[in-house]
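Colleague: Quick check, what structure comes out for this input:
(one chain, ligands or ions: 1)
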Amino acid sequence: MDAAEFRRRGKEMVDYMANYLANIEQRPVYPDVKPGYLRSLIPTEAPLEPENYEDVIKDVERVIMPGVTHWHSPYFYAYFPTASSYPAMLADMLCGAIGGMGFTWASNPVITELEIVMLDWLGKMLKLPEHFIAGTHGQGGGVIQVGSTASEATLMSVLAARCKAIQQVQASNPGQSEAEILPKLVAYTSEQAHSSVERASLIGGVLMKKVPTDDNYAVGGGMFKKMLEEDKAAGLIPFYLCATLGTTPSCGFDHITELGPICNKENMWMHIDAAYAGSAFICPEFRPLLNGVEFADSFNFNPHKWLLTNFDCSTMWVKKRDDIIGVFKHSDQPFYLKHEHQDYNHSSLLQNWQIPHGRRFRSLKLWFVFRMYGIQGLQAHIRKQVALAKEFESLVRADKRFEICAEVIMGLVCFRLKGSNQLTELLLKRITESREIHLVPCHLSGRFVLRFAICARTTDSRHIQQAWRHITQLTFEILQEPNH
Ligand SMILES: *Cc1c(COP(=O)(O)O)cnc(C)c1O
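Modeller: As a prediction, this is how the structure comes out:
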C-alpha cells in the first residue's frame, strides 16, 4: 500500500467506522457464536502472496463482526463502560502515524512532556492534593501506566510499597535480609476488591488479606484496625492497603478518611483504586467521595472507562516519585539510554515508573479529548449517565417483584428478582440468550445479583425504557412457567 492508496483507504475506513457506530443499534449486542467459530472461516496458514485490500475489508463483515460484542451499543450494560469518543479515535490514528517510542525523554521529548502536563491537567480537574501534581514544588506526579490498566498500577504500588517497607525494616534491624522480611509482610484489601489486586500480591510475592466489608460493601476503619492489631501481635508487618473507590461488584466506596490516617500512623502505603468511579470526581458533587486522598501514597483511575478516552489509558499518581522509581533503581541505566538532559525534572525517568520498557503516545488522546469536550462537556457526560442509572433504579423500585441490592451512587444499578437465586439466574440466562441487551451478574452477601451499568456514550432514556420493557417481558414469561 502506497501513500496514495492509504489516503483513499483511510477515508473509506473512517466512513466505515462512522457507519458502524451510527448504526450499531441494529446489530445484536451480543454475538451468536460458539467457541472456535473463527478457525473454520479463515485459512490455516498466513498467505504467501500479498492479497487485495478489497478482499481483506470484505472479510471484516464475514469473519470479524460476527464475533464482536458491541460494547458501544446503547443496549450494552455489562461490566463497566469502556470509553469511546471521536476525538480520542482521531488522536489514536495520529499516534499510530507518529508511531515512536517514548521510553526516555530524548527518545521522543513530546511523549514525556505532554504526558506530564496532561496528568497535571487531569489531577487538577480531580482537585488532587498539590503533592500529586508534578508542576509544583511537591515530590509527586502522574504517569499513564504502560499496561495501560489499573491492574498494572496496583502492581506498581505493591512493588513500591514492598521496596520501601523492606528498607524501613532494615533501617531499624540492620542484620535482616530481604528473604527474612518478605514472609512477614502483609498487604490488605477489601473482600470486594477487583481480582487484579490479589494478582498484584501474587506477582509481588507478598501475603494479602481480605478485609470484610460493612452493609454498604465498603471497608471501614474499625474492622481494618482490628486485623492490623491481630497481625502485629502475631509478629507480622502490615505494609500496604489497596482501598477501592467504586468497587466492581456494586460500586461501593471504602472509607478512606478512616483508613488513611491508620495507614499513615502505621507507616503503611495506601493505594487507591478508583478505576471506574475516578472519572466522576471531576464533578464537584462527587468530589467529596475522594476526600481522604490526601493520606494516599498512590492513586489510580481509568480515563478509558468513563472519561471518553478509548482504551487504553490508565492514569496513576504518586505522592513521592522517588518511591516508585526506587523499585527499579538498582538496575543501572544502560549506555544507549543515557542522554544529556538526564536530570530534567523527573521526566527522563518515566521509564522507571512502569514495568515495560516501551511507551506509546497515549497522552495525545487525553489532549484531544480534554480540548474537544472541555471540563464541562466531560462533566455533562458523567451526569447524564448517572441520571440514566437513577432512571433505571426508579423503574426497578416501582416494580414489587424486584429489589435494589446496593445504593445507586454512580452509573451502576444492582438489582434482582425477590426470592430464590435460581429465579434471577434464569432471568439472566434468558436475557443473554435474547441478545437484545447484555449484562453480567455479581454476588452480594450470597445473593445472585444483576449489574446494570450505563456504558455506551450514546445511551439515552429511550434505551433504558426499552431495556426495562424487555426485562419485565422476560420476567413475565418466566413467572408464567409451571414451576414458578
Ligand atoms: C475495571 C476495574 C479494574 C481493572 O481495570 P483494568 O484497567 O482492566 O486493569 C480494577 N479495579 C476496579 C475497581 C475496576 O472496576
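Colleague: which stretches of the stretch 101-250 of the chain have low pLDDT?
Modeller: Applying pLDDT under 70 to the stretch 101-250 of the chain flags residues 146-147.
Colleague: mind redoing it with 90?
Modeller: Within the stretch 101-250 of the chain, the ranges that satisfy pLDDT under 90 run 101-108, 112, 134-153, 156, 173-175.
Colleague: Would you mind listing what in it touches the ligand?
Modeller: Counting by C-beta under 6 Å from any ligand atom, the residues of the stretch 101-250 of the chain close to the ligand are 149, 150, 151, 194, 196, 244, 246, 247, 248. C-beta here means a position set from N, CA and C on the backbone, and glycine is covered the same way.
Colleague: The closest residue to residue 261 other than its chain neighbours and the ligand: what is the separation?
Modeller: What sits nearest to residue 261 in space, not counting adjacent residues and going by C-beta to C-beta, 6 or more residues apart in numbering, is residue 295, at 6.2 Å. Residue 295 sits 19 Å away from the ligand, going by C-beta to the nearest ligand atom, to the nearest Å.
Colleague: quick one, phi psi at residue 295?
Modeller: Per-residue torsions, residue 295: phi -90, psi -10 (degrees, to the nearest 10).
Colleague: show me what contacts it?
Modeller: 256, 257, 259, 260, 261, 263, 264, 270 (C-beta atoms under 8 Å, 6 or more residues apart in numbering).
Colleague: Tell me which stretches of the chain form helices.
Modeller: 3-22, 53-59, 86-98, 109-125, 150-172, 178-181, 195-204, 221-233, 256-265, 303-306, 321-325, 363-397, 421-434, 461-480 (DSSP state H).
Colleague: With respect to burial, which of those helices scores highest?
Modeller: helix 303-306 (a mean of 27; mean count of other C-beta atoms under 10 Å).
Colleague: May I have that helix exported as PDB, CA atoms only?
Modeller: Provided in PDB are the C-alpha atoms of helix 303-306 (Å, rounded to 0.1, in the frame of the first residue of the first chain):
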ATOM      1  CA  PRO A 303     -10.000   7.500  31.800                       C
ATOM      2  CA  HIS A 304     -10.500   4.600  29.400                       C
ATOM      3  CA  LYS A 305     -13.500   3.600  31.500                       C
ATOM      4  CA  TRP A 306     -15.600   6.700  31.900                       C
END
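Colleague: what residues does that helix touch?
Modeller: 80-83, 122, 148, 275-280, 309-315, 366, 369, 382, 385, 411.
Colleague: one more time with 7 Å, if that's ok
Modeller: Residues outside helix 303-306 that contact it (C-beta atoms under 7 Å, 6 or more residues apart in numbering) are 80-83, 275-276, 279-280, 309-315, 366, 382.
Colleague: now swap in stretch 117-133 and tell me
Modeller: Here stretch 117-133 makes contact (C-beta under 7 Å, 6+ apart) with 134-136, 138-143, 281-282, 287, 290, 293-294, 299, 315, 317, 319, 363, 366-367, 370, 375.
Colleague: How far off centre is it?
Modeller: How far stretch 117-133 lies from its chain's middle: 18 Å, per C-alpha atoms, centre = their mean, to the nearest Å.
Colleague: Which residues are in contact with the nearest residue to residue 271 once chain neighbours are set aside?
Modeller: Distances taken as C-beta to C-beta, 6+ apart place residue 157 nearest to residue 271, at 3.9 Å, with adjacent residues excluded. Residue 157 makes contacts with 269, 271, 298, as judged by C-beta under 7 Å, 6+ apart.
Colleague: Over to residue 394?
Modeller: Neighbours of residue 394 in contact, by C-beta under 7 Å, 6+ apart: none.
Colleague: Can you give me the distance of the nearest residue to residue 168 once chain neighbours are set aside to the ligand?
Modeller: Leaving aside its sequence neighbours, residue 168 sits nearest to residue 267 (C-beta to C-beta, 6+ apart; 6.7 Å). Taking C-beta to the nearest ligand atom as the measure, residue 267 falls 25 Å from the ligand.
Colleague: Over to residue 452?
Modeller: 15 Å.
Colleague: I'd say that residue and residue 413 touch.
Modeller: Yes. Here residue 452 reaches residue 413: they are 4.4 Å apart, a contact under C-beta atoms under 7 Å.
Colleague: Looking at those two, which is more packed in?
Modeller: residue 413 (29 against 25; other C-beta atoms under 10 Å).
Colleague: hang on, isn't the more buried one packed against residue 389?
Modeller: Yes. Counting by C-beta under 7 Å, residue 389 is a contact partner of residue 413 at 5.4 Å.
Colleague: Residue 190: what's it in contact with?
Modeller: By C-beta under 7 Å, 6+ apart, residue 190 lies in contact with 210, 211, 213, 219, 244, 247, 254.
Colleague: cool, residue 95 as well?
Modeller: Residue 95 is in contact with 360, 361, 364, counting by C-beta under 7 Å, 6+ apart.
Colleague: What is the neighbour count of the first one?
Modeller: Other residues lying near residue 360 total 22 when counted by other C-beta under 10 Å.
Colleague: Return the residues in contact with it.
Modeller: residue 95.
Colleague: Do you know the pLDDT at it?
Modeller: Looking at residue 360, its pLDDT is 84.
Colleague: Is it correct that residue 408 is in contact with residue 395?
Modeller: No. With contact defined as C-beta under 7 Å, residue 408 does not count as touching residue 395 (11.8 Å).
Colleague: possible to save the helices of the chain as TSV with distance to residue 43?
Modeller: Shown next, in TSV, are those (distance: least, C-beta to C-beta, whole Å):
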stretch	distance to residue 43
helix 3-22	23
helix 53-59	11
helix 86-98	27
helix 109-125	38
helix 150-172	35
helix 178-181	52
helix 195-204	36
helix 221-233	57
helix 256-265	54
helix 303-306	34
helix 321-325	46
helix 363-397	35
helix 421-434	32
helix 461-480	39
